[in-house]
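K.L.:
I need the structure of the sequence given here:
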Amino acid sequence: MKKLNCPISASARGFSVTRGFSFVRGFSSLFVFLVIIFPAKSGHTQTPDAVIENIVKEETTHSQLEKLAHELFDGIGPRLVGTPQMDKANAWAVAKYTGWGIPAHNEKWGEWHGWERGISHIDMIYPRIKSLEGTQLAWSPGMGDKTVTSDLVILPDLEDSIAFQKWLPAVKGKFVMVSMLQPTGRPDDNWQQFATKESFDKMKAERTALTAAWAQRIKKTGYTNKTLPLALEKAGAAGIVGSNWSAGFGVDKIFGAYTKTIPTIDIALEDYGMLYRLTESGDKPRISVHTEAKERGVVPTFNTIAEIKGSEKPNEYVILSAHFDSWDGGTGATDNGTGTLTMMEAMRILKLVCPHPKRTILVGHWGSEEEGLNGSRAFVEDHPEIVKNIQAVFNQDNGTGRVVNLAGQGFLHASEFLTRWLSKVPSDIRDSIHTSFPGIPGGGGSDFASFVAVGAPAFSLSSLSWSYFNYTWHTNRDTYDKIVFDDLRKNAILAATMAYMASEDPVTTSRERAELQVNPRTGQQAKWPTQTKAIRKGGLD
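P.N.:
Predicted structure coming up:
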């Protein structure tokens, strides 16, 4: 009997074929069982259309996305590089793949500053009592059992760096406010909906002027946004207070601290503006700050790798790609939890409906993308034997929306094979996808660029915004409730279908590069990116 390349398997939903026989009683039951596993036309491989129908059916009727999201975002939480939560996520992913019958492992690629976030208590205690919305930044030094209560001072607008050095001793024992006062906490689309044009234009002009003036204020200190906190720390400040507003209601971007001994905290725009105005008017507000964090020393960092081995061309690879790490203001749900779940779900389905693909289908969940694509860059450096034999890479990393854009990344013949594979994607998904060929190669932004830089055909599955850049990208609001599961289900079907089609294609993809044109976004001649080395030791200086 000819072996089926892609028969239906029950193992990915937790059903063991071997265990299944223990429930079979009698010849007739055994016959029924064999009919279920081996259809009447068992001498033939399934057609691509049949496999894709099974992909759609499995995701439609047995989706695991909500369960995976709950376990990862609610249970484990954010996945900042160097934290115990990142370690837990790596172990969780390996356990999930193993449970689905997919071999998986964690592969060390570097070392990082180990740190664990603790609680943040930030309160205004004068001129009235109010608990403030805020948190410490990533890698901010912990305060132990100490709580510091003090006044605030605003970074002054001085003539030059000499004047700033004379002023610097005034920060001793104070919390220093280092962000500008925003003229509005309303997003622009709210203004567009309700304001007069004159009012909206006036606000925008004021904001533009204030932003430029604040940048000049910092420049005149003689420091940068990165070095200024260290200067204030050295001068004896009690802490650094900022507000990195993300242009939406109640949303801030939460990045990393530069201080080594004093806390760096972000306070939401609404509360930050109140403190700024009180300080500016001479009311001398006082805040109480207590933040906890654990230093973990130098810790190893990993990529999680899993693969469904190819049956005919095991040394050629189709790669599903998504970064696993996140910033930790929220739980990293849409950056890049949704990309992670899309690829996990695609792998689960492929193992179920096509356990013996022609080419190996490998998934990479990369670490430390947020600090410079480090996990994927390390993988490219460490595995030239895989990179040279890549059929295609599909990466997803820009939020919960359904995929609507696919570009050729500068590969001359990308349209031939991508269009061929897309033709088998269900029309309700395919018809919403805009393609552009040959496209312009991505030099950064997400992990597909690590592969493009070395000439491997890698592509970004780019999705609808859902207010991604304002409301969830790197923010304190990037949480489970922002996921649109209907869109995510479409993405899982798309990723599984594209990976399947790429794995079965008798034609090996071309790596020939197109002659690049002017980039319409920049107006500059596009250039092919060059390989950038991974940062193997991070945050240790």
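
K.L.:
drop to CA atoms for contacts and neighbour counts, all remaining ones
P.N.:
Fine.

K.L.:
Tell me if Pro169 really is in a strand.
P.N.:
No. Under DSSP: H, G, I helix; E, B strand; the rest coil, Pro169 falls outside any strand and is assigned helix.

K.L.:
Please enumerate the helices of the stretch 101-250 of the chain.
P.N.:
Applying DSSP state H, counting those that start in this stretch to the stretch 101-250 of the chain gives helices spanning 161-167, 188-194, 197-219, 228-234.

K.L.:
I'd like to know how many residues surround Leu72.
P.N.:
Using other CA atoms under 10 Å, Leu72 has 25 other residues around it.

K.L.:
from here on, count from 295
P.N.:
Noted, 295 is the first residue going forward, which turns the last one into Leu366.

K.L.:
Name the SS class of the residue nearest to it when sequence neighbours are not counted, please.
P.N.:
Nearest residue to Leu366 in three dimensions, chain neighbours excluded: Ala383, at 7.1 Å (CA to CA, 6 or more residues apart in numbering). Three-state assignment for Ala383 (three-state DSSP): helix.

K.L.:
if I pick Ala383, what's in contact with it?
P.N.:
366, 370, 373 (CA atoms under 8 Å, 6 or more residues apart in numbering).

K.L.:
Output the helices of the stretch 395-544 of the chain in CSV; the columns should cover mean neighbour count and mean pLDDT.
P.N.:
What follows is those, written out as CSV (neighbours: other CA atoms under 10 Å; pLDDT from 0 to 100):
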stretch, mean neighbour count, mean pLDDT
helix 455-461, 14, 98
helix 482-488, 12, 98
helix 491-513, 14, 98
helix 522-528, 20, 98
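
K.L.:
any chance of these in CSV, with distance to Val697 too?
P.N.:
CSV is the format used below for the helices of the stretch 395-544 of the chain (distance: least, CA to CA, whole Å):
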stretch, distance to Val697
helix 455-461, 49
helix 482-488, 24
helix 491-513, 32
helix 522-528, 40
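
K.L.:
Phe543 and Lys588: what is the separation?
P.N.:
Using CA to CA, to the nearest Å, Phe543 is found at 31 Å from Lys588.

K.L.:
Pro378 too?
P.N.:
Applying CA to CA, the value for Pro378 to Lys588 is 10 Å.

K.L.:
Overlap of the contact sets of the two?
P.N.:
Both Pro378 and Lys588 are contacted by 409-410, under the criterion CA under 8 Å, 6+ apart.

K.L.:
Tell me which of the helices of the stretch 395-544 of the chain sits nearest to Leu563.
P.N.:
helix 491-513 (14.3 Å; CA to CA).

K.L.:
what's the closest one packed up against?
P.N.:
For helix 491-513, not one helix or strand is in contact under the criterion 3 or more CA pairs under 8 Å, 6 or more residues apart in numbering; DSSP states H and E.

K.L.:
Ala786: what's it in contact with?
P.N.:
353, 636-637, 639-640.

K.L.:
State the helix or strand in which it lies.
P.N.:
helix 779-798 (DSSP states H and E).

K.L.:
just Lys361 next, same as before
P.N.:
helix 359-363.

K.L.:
for Gly736, same thing?
P.N.:
With DSSP H and E as the test, Gly736 turns up in no helix or strand.

K.L.:
Not counting sequence-adjacent ones, nearest residue to it?
P.N.:
The spatially closest residue to Gly736, leaving aside those adjacent along the chain, is Ala743, at 5.5 Å (CA to CA, 6+ apart).

K.L.:
how near is the one you found to Tyr391?
P.N.:
To Tyr391, Ala743 is 26 Å away according to CA to CA.

K.L.:
So between the two, which is more surrounded?
P.N.:
Taking neighbours as other CA under 10 Å, Ala743 and Tyr391 compare with Ala743 leading, 28 against 21.

K.L.:
OK, contacts around the more buried one?
P.N.:
735-737, 752.

K.L.:
Out of those residues, grab the one that's most surrounded.
P.N.:
Ranked by the number of neighbours (other CA under 10 Å), these place Ala752 first, at 31 neighbours.

K.L.:
Go ahead and confirm that one touches Phe745.
P.N.:
Yes. Counting by CA atoms under 8 Å, Ala752 touches Phe745, with 6.0 Å between them.

K.L.:
overlap in contacts of these two?
P.N.:
Jointly contacting Ala752 and Phe745 under the rule CA under 8 Å, 6+ apart are Val687.

K.L.:
what's stretch 494-510 in contact with?
P.N.:
With CA under 8 Å, 6+ apart, stretch 494-510 has contacts from 474, 476-478, 485-486.

K.L.:
at 10 Å instead, please
P.N.:
449-452, 472-478, 482, 484-491, 493, 511, 513-514, 518-519 (CA atoms under 10 Å, 6 or more residues apart in numbering).

K.L.:
What residue, apart from its backbone neighbours, is nearest Thr803 spatially?
P.N.:
Leaving aside its chain neighbours, Thr803 sits nearest to Gln685 (5.8 Å; criterion: CA to CA, 6+ apart).

K.L.:
Can you check my assumption that the one you found lies in a helix?
P.N.:
No. In this structure, Gln685 is strand, not part of a helix, as judged by three-state DSSP.

K.L.:
so how many other residues sit close to the nearest residue to Gly371 once chain neighbours are set aside?
P.N.:
Excluding the flanking residues, the one nearest Gly371 by CA to CA, 6+ apart is Thr625, at 4.9 Å. A count of neighbours around Thr625, defined by other CA under 10 Å, yields 28.

K.L.:
which residues touch Thr625?
P.N.:
Contact partners of Thr625, counting by CA under 10 Å, 6+ apart, are 366-374, 631, 766, 768-774.

K.L.:
In helices, which of the residues you listed appear?
P.N.:
Of the contacts of Thr625, none are assigned to helices by DSSP state H.

K.L.:
Just the buried ones out of those, please.
P.N.:
Using 16 or more other CA atoms under 10 Å as the burial test, those include 366-367, 370-374, 631, 766, 768-774 as buried.

K.L.:
one step back: gap between the residue nearest to Gly736 and Leu667?
P.N.:
For Ala743, the distance to Leu667 - CA to CA - is 8 Å.

K.L.:
which residues of the stretch 595-744 of the chain fall in helices?
P.N.:
Using DSSP H, counting those that start in this stretch, helices in the stretch 595-744 of the chain cover 632-647, 668-676, 678-681, 708-716, 721-724, 742-746.

K.L.:
Tabulate these (a markdown table), appending distance to Cys300 and mean pLDDT.
P.N.:
Formatted as a markdown table, the helices of the stretch 595-744 of the chain follow (distance: least, CA to CA, whole Å; pLDDT from 0 to 100):
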| stretch | distance to Cys300 | mean pLDDT |
| --- | --- | --- |
| helix 632-647 | 6 | 98 |
| helix 668-676 | 29 | 98 |
| helix 678-681 | 23 | 98 |
| helix 708-716 | 17 | 98 |
| helix 721-724 | 22 | 98 |
| helix 742-746 | 28 | 98 |
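
K.L.:
wait, which of these is closest to Trp406?
P.N.:
Of those, the one closest to Trp406 (CA to CA) turns out to be helix 668-676, at 11.1 Å.

K.L.:
who does the helix or strand where Ala587 lies pair up with?
P.N.:
Using DSSP H and E, Ala587 sits in strand 580-602. Sheet partners assigned to strand 580-602 using DSSP bridges are listed as strand 398-420 (antiparallel), strand 442-448 (antiparallel), strand 653-660 (antiparallel).

K.L.:
Between helix 668-676 and that strand, find me the angle.
P.N.:
30 degrees (axes from the mean of the first three to the mean of the last three CA atoms, to 10 degrees).
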